[in-house]
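*Asks:* The sequence isn't on hand, but the structure is:
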């Protein structure tokens, strides 16, 4: 079966399409299309990667090596007796208002000075969102 396309009965035939195609023919067209797309994407990746290496070599930069990281300072418990008494009193008052029962402060940990401000703000928002009982 052949399908022909024309604008009117008297016009010339514009295109001739084959009738029904078989499943394997359609599968072949789809596979060829996928290979073309994947090949084009692979070529673009290769071109960008090569250009990056050329520009890095031209600018004199080397690929980043494994940079040794500084040991992180962990917050060590500080006995309550070594802190300013005003700070201990403020912490005690806050705990008393929150818990409304007897408690004992065993240690107070100072904040890590290398903590980024954005993470401090995130913690503040999380703690502020919780309802105190």
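*Replies:* The structure has been received and is ready for your questions. It should be emphasised that the depicted structure is a prediction, and the values quoted were computed from it without experimental measurement.
*Asks:* Show me which residues of stretch 91-105 are buried.
*Replies:* Neighbour counts over stretch 91-105 (16 or more other CB atoms under 10 Å) mark no residue as buried. Every residue, glycine included, has its C-beta placed from N, CA and C.
*Asks:* Can you tell me the number of residues neighbouring residue 50?
*Replies:* Residues lying near residue 50 (other CB atoms under 10 Å) number 10.
*Asks:* pLDDT of the helix or strand encompassing residue 47, averaged?
*Replies:* Assigned by DSSP states H and E, residue 47 falls within helix 23-59. Averaged over helix 23-59, pLDDT sits at 91.
*Asks:* what packs against it?
*Replies:* If contacts are counted by 3 or more CB pairs under 8 Å, 6 or more residues apart in numbering; DSSP states H and E, helix 23-59 sits against no helix or strand.
*Asks:* Pop the domain breakdown of the chain in here.
*Replies:* For the chain, automatic domain parsing gives the domain ranges 2-59, 77-129.
*Asks:* Wasn't residue 120 part of a strand?
*Replies:* No. Judged by DSSP: H, G, I helix; E, B strand; the rest coil, residue 120 forms no part of a strand; its state is helix.
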